[in-house]
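Novice: I need the structure of the sequence given here:
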Amino acid sequence: MAALTGKVAVVTGASSGIGRAIARRFAQEGARVFVADVNVTGGEETATMITEQGGEASFIECDVAVPEQVRAMIDRAAREGGKLTTLVNNAGVGGVGKPLEEIEPDEFRRTIDVNLGGRRARMAPEDADRAHAAREAKAAMQPIGRQAQPDEMAGAAVYLASDDASFCVGSIVVVDGGESILHNIGPYF
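Specialist: You can find the predicted model right below:
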């Protein structure tokens, strides 16, 4: 039996990247998946990918920075899927790429609202280029010499959503390629 058979999951920020990888992997492991994102095109693509591979998925448009939309997302998933067993709060936005003193109050509020709620936003091409350069620079500092791939993060999420993790309550699971050991940060240092 697959690790998530009988589970019902909502994955926010699932229109691309890590969220998409988690949603797809959950479905491969037998979960009924609700793909949630503000990006309709990407979210529908993720749900279609899952159903074309034989999984069960539905797309729900949701901006997690808007509490009413989050409630509606959860209500719909519970109504259509039954008992919700898993919520992956993956959605989020990157920083605005400016020194703190240059950040406008609206930019700051949106980042906080989204990241505390968890929505992944679309970036402008120059933001994507800047983010890619930052990831490349950070990869060089990783003990394993690269950044994580979305599927690697999905594997950790599958474990945490499975019955195998039933005794992992309130635990911190660090999936960082060894960075926390290198810098003596994390829950045990």
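
Novice: ok, so what distance separates residue 141 from residue 179?
Specialist: 8 Å (C-beta to C-beta, to the nearest Å). The C-beta positions use only the backbone N, C-alpha and C, and glycine is treated the same way.

Novice: neighbour count winner among those two?
Specialist: residue 179 (15 against 11; other C-beta atoms under 10 Å).

Novice: backbone phi and psi for the closest residue to that one other than its chain neighbours, please?
Specialist: Closest residue to residue 179 apart from its sequence neighbours, by C-beta to C-beta, 6 or more residues apart in numbering: residue 142 at 5.9 Å. According to degrees, to the nearest 10, the main-chain angles of residue 142 amount to phi -70, psi 140.

Novice: so what's residue 142 up against?
Specialist: Residues in contact with residue 142 (C-beta atoms under 8 Å, 6 or more residues apart in numbering) are 177-179.

Novice: ditto for residue 74
Specialist: Contacts of residue 74 (C-beta under 8 Å, 6+ apart): 10, 84.

Novice: Name the SS class of it, please.
Specialist: Look at residue 74: counting by DSSP: H, G, I helix; E, B strand; the rest coil, its state is helix.

Novice: pLDDT at it, what is it?
Specialist: At residue 74, the model reports a pLDDT of 94.

Novice: just to revisit the earlier point, go through the contacts of residue 142 and flag which are in helices.
Specialist: The helices, defined by DSSP state H, take in residue 179 from the contacts of residue 142.

Novice: out of the contacts of residue 142, who's nearest residue 115?
Specialist: residue 179 (19.9 Å; C-beta to C-beta).

Novice: so that closest one sits right up against residue 146, yeah?
Specialist: No. Between residue 179 and residue 146 there is no contact under C-beta atoms under 8 Å: 11.5 Å.

Novice: Look up which helix or strand the residue nearest to residue 162 when sequence neighbours are not counted falls in, please.
Specialist: Leaving aside its sequence neighbours, residue 162 sits nearest to residue 3 (C-beta to C-beta, 6+ apart; 4.3 Å). Per DSSP states H and E: residue 3 is located in neither a helix nor a strand.
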